[in-house]
Structure formats: structure tokens, C-alpha cells
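Undergrad: Generate coordinates for the sequence data below:
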Amino acid sequence: MSRPERFEIEAAGQLGHVFVSKAPAGPAPARTAVVLIHGIGVSHRYLSRLHGLLAESVDTYSIDLPGFGSTPHPETTLPVADHATYILGALEQLGVLEFVLVGHSMGSQFAIEAALQQPGRISRLVLMGPVVDPLRRTVVQQALALGRDSLFFESPSSNAIVFTDYFRCGPSWYLKTLRVMMDYPTEERITGVSAPVLVVRGADDPVASADWCGRLAAHAARGQLLEIEGTGHVVQHNRSVEVAGAILDFAAIHPAARETPQERPA
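TA: Next up is the predicted model:
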């Protein structure tokens, strides 16, 4: 697959980047699209394996939200709702009016909020490694879980992407956004989502525990949980083939014919 085309888009008074890959002509409906949203401190880069696999079958969009990746930092801290408004506005500018929305980690909060703001545009919602479990709502608990994940359950390549993106994000913007993430009532807000919801977690993920993800799926009006063995929090990078297949199946998108996948290197 060729590299995604990058669009610099201003929406809701903020500047972000959208990376676009159009699927080859095939059985997927013309209006179908999948949109990928990163979590705190990172960018589209740790979604790139998943993006490439999905783009074989469906139009795929990855977004670098304002303040992340190579986008400029906003002048003030943005609440979750403002990030959601940016997502919806940027996609509208690109003519993407209905889509499957996929968020990872804090990106799951942005995805939930977007589904609440404009429910008619989001046909399915996929939450990968969602945060924050209200039973572990302290920065120290989250930091310890993330440390365990990076030490024991991540590949060298996922750690390299995540920590270089953290460096690009910078400690000031990261900490400002962290406060927003910790205060967002994910379990409460998901109850208002009308779209079907798929919660995906790596079976070894210490950040998004099995109990928490099960509760979150149960709180959704139409929720289900999928655990993927042999990986931690960055499930979409380390088990991209399985995650892509789950998303396409959940969205009832017929996957493009492809050779039997080989295990990707770490």
C-alpha cells in the first residue's frame, strides 16, 4: 500500500493532521470509512500497521489531534469534548459524513464524546484499551500500570514509537492532557452512546484490565468485549492482523482477498 496522503486541516479553531488512504475498488460500500484516533502523548504512527491493513478493504483515516504528533500545541488545554468536535469537523471537511470510529486508550474517550455529539454519523464504535478505570483513578496507579506494560508486555517497536512520540509531545502538554484524561467519566458517558460498541483489549494489558473492559462493554447499550491473547496495551500495533479482522467483522465490511498473513516483526 502507498503511504497515506496527509491533509492539514483547521477545524473548531484548532489545527491537526488527517492521514487518508483510499481502498481499492471492491465490495465495500462507497460510503464506508474507518477513522482511527490515537491516545495521550502519541500520534498516528502507532496506528500505522492497523491503518495499512484496514486500507486494503475500506477507506481509512488516521488523525493527529491538535497538540500531538507534529501539530502545534493549542494555546489552552482542550477538554475531551473539544477534541471530539475537531474530529467531527475535520472529517466533515473531507466529506466523511458516516464512519466507524476507533479510539485507543485516551482516544476511546474522544471517540465516545464524538458519538455523543453527532450520533447519526457514527455507525460503530471500537474502543481499544480504554481508560480510565474509576477503581484506579490516580496518576500514580496509571503510571505504574503503564510502566508494567512497557517493561513486560510491549514489543521494542511499540515502545520506540510511543516514547519518541511522548518526547515530541513534551511534558507540559502531556501533563495538561493527563489531567483531562483522568477526570473524564468514561463509564458514565458510554451509557449515552446509541451505536454498537466493541471493546478490544490485549489479554495482558495492565492499563485496561479485563474487569474494567467488561464493565465498560456492559454499560454500553449494545456492547461486546474482545480479548486478544499475547499482547498488552498497544494491541493494535502488536496484533494488528487480529485487530483489523475484528474491526472489519464488527463493521460487516468484507475484507479484501490477501495472502495468509505472516507474523510481523517486533
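Undergrad: Please make it C-alpha for all contacts and neighbour counts, starting now.
TA: Fine.
Undergrad: what's in contact with stretch 82-90?
TA: Residues lying outside stretch 82-90 but in contact with it, judged by C-alpha atoms under 8 Å, 6 or more residues apart in numbering, are 9-12, 14, 18, 63, 65-66, 110-111, 113-114, 117-118.
Undergrad: Now with 10 Å, please.
TA: Counting contacts by C-alpha atoms under 10 Å, 6 or more residues apart in numbering, the residues outside stretch 82-90 that touch it are 7-18, 35, 37, 63-66, 81, 92, 95-98, 101, 107, 109-118, 121-122.
Undergrad: Weed out the non-buried ones from those.
TA: For the contacts of stretch 82-90, a burial check counting by 16 or more other C-alpha atoms under 10 Å picks out 9, 11, 14-18, 35, 37, 63-66, 81, 96-98, 101, 107, 109-117, 121-122.
Undergrad: what residue ranges in the stretch 1-150 of the chain score low on pLDDT?
TA: 1, 26-31 (pLDDT under 70).
Undergrad: And the helices in it, which stretches?
TA: According to DSSP state H, counting those that start in this stretch, the stretch 1-150 of the chain carries its helices in the segments 48-54, 80-93, 106-117, 139-152.
Undergrad: same for the first one, what does it pack against?
TA: So that's helix 48-54. Using 3 or more C-alpha pairs under 10 Å, 6 or more residues apart in numbering; DSSP states H and E as the contact criterion, the neighbours of helix 48-54 among helices and strands are strand 14-21, strand 33-37, strand 59-64, helix 235-238, helix 240-250.
Undergrad: Quick check: which of the ones you listed has the most neighbours on average?
TA: Sort the helices and strands packed on helix 48-54 by mean neighbour count, taking mean count of other C-alpha atoms under 10 Å, and helix 235-238 sits at the top with a mean of 27.
Undergrad: Packing partners of that one?
TA: Using 3+ C-alpha pairs under 10 Å, 6+ apart, helix 235-238 is in contact with helix 48-54, helix 156-169, strand 197-202, strand 223-228, helix 240-250.
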